[in-house]
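>>> Sequence and predicted structure below; questions after.
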Amino acid sequence: MKDPLEGLDGQEREWLANIAQAEGLTLEQARQRRDQSAERLSGAFRRAAEAQGISEEEIEQAYKSEKYMIEFTYKMKGVKFPGRFSIAAAADTGERVLSASSRGHENTHGTEEDKIKRWGEYQNYLDELMQRNKSLSLTEARRKTAVHFDVSAKTIQRHTESPK
């Protein structure tokens with residue numbers, strides 16, 4: 001007898017087992033239902049994309065790449081799918097998540113301009129330190145620079161060059 005969970009990762013297995021238990025189905029029935037739903041959604045998605053004039057190649061690319069899928073959903077905003085799935089809601093959620101994560105990154109690490117300025121400060125401090133202490137090795141100078149700026153030595157190594 002074939003294992004109905006064959007080929008599924010741990011999370012999918014757990015999800016399928018929970019669905020089967022909640023709905024009083026066997027694992028095989030739960031997997032068949034999931035596969036049928038995925039086929040219906042995939043078909044509806046393809047038909048809607050084709051109706052919007054999106055090429056078959058672009059649809060295939062969307063299925064292969066998660067990043068491209070997000071961009072693809074923006075083209076599909078407003079398209080209604082059977083059931084409760086709405087591409088507009090998914091795209092809006094994706095926009096909010098991406099926007100929030102970008103803002104969070106900027107709050108934590110600064111804007112690109114801030115980072116470039118900070119990296120320049122690392123280099124200037126390293127240059128000055130090595131100029132004052134000619135016998136200091138580059139590695140030791142980078143360690144001292146890291147301590148001064150309260151960052152890791154690896155950060156200094158990534159963003160500085162040897163002043164010699």
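It's in.
>>> Neighbours of Thr160, how many?
Thr160 sits with 20 neighbouring residues when counted by other Cβ atoms under 10 Å. In this view, the C-beta of every residue, glycine as well, is placed from N, C-alpha and C.
>>> Next, the contact list for it, please.
119, 122-123, 126, 142, 145 (Cβ atoms under 8 Å, 6 or more residues apart in numbering).
>>> again, only using 10 Å
By Cβ atoms under 10 Å, 6 or more residues apart in numbering, the residues touching Thr160 are 119-120, 122-127, 138, 141-142, 145.
>>> ok, which pair from these is furthest apart?
Distance extremes for those: the farthest pair is Gly120 and Leu138 at 17.9 Å, using Cβ to Cβ.
>>> Settle it for me: which of those two has more neighbours?
The residue with more neighbours, out of Gly120 and Leu138, is Leu138; 15 against 12, by other Cβ under 10 Å.
>>> Which of the three states applies to the residue nearest to that one when sequence neighbours are not counted?
Excluding the flanking residues, the one nearest Leu138 by Cβ to Cβ, 6 or more residues apart in numbering is Ser162, at 5.4 Å. Following DSSP: H, G, I helix; E, B strand; the rest coil, Ser162 is assigned to coil.
>>> Let's see the pLDDT reported for Ser162.
Model confidence at Ser162, given as pLDDT, is 91.
>>> Quick check: it vs Thr111, distance?
According to Cβ to Cβ, to the nearest Å, Ser162 stands 28 Å off from Thr111.
>>> Quick check on Gly7: phi, psi?
For Gly7, the backbone dihedrals (degrees, to the nearest 10) come out as phi 90, psi 0.
>>> how many neighbours does it have?
Count around Gly7 with other Cβ under 10 Å applied: 9.
>>> repeat for Asn107
Around Asn107 there are 9 residues (other Cβ under 10 Å).
>>> other SSEs contacting the helix or strand harbouring Arg13?
Secondary structure assignment for Arg13, by DSSP states H and E: helix 10-23. Secondary-structure packing of helix 10-23 (3 or more Cβ pairs under 10 Å, 6 or more residues apart in numbering; DSSP states H and E): helix 27-51.
>>> Now the helix holding Arg13: average pLDDT?
pLDDT averaged over helix 10-23 gives 76.
>>> Correct me if wrong: Asp114 contacts Thr108.
No: the pair Asp114 and Thr108 fails to qualify as a contact (Cβ atoms under 10 Å) at a distance of 11.0 Å.
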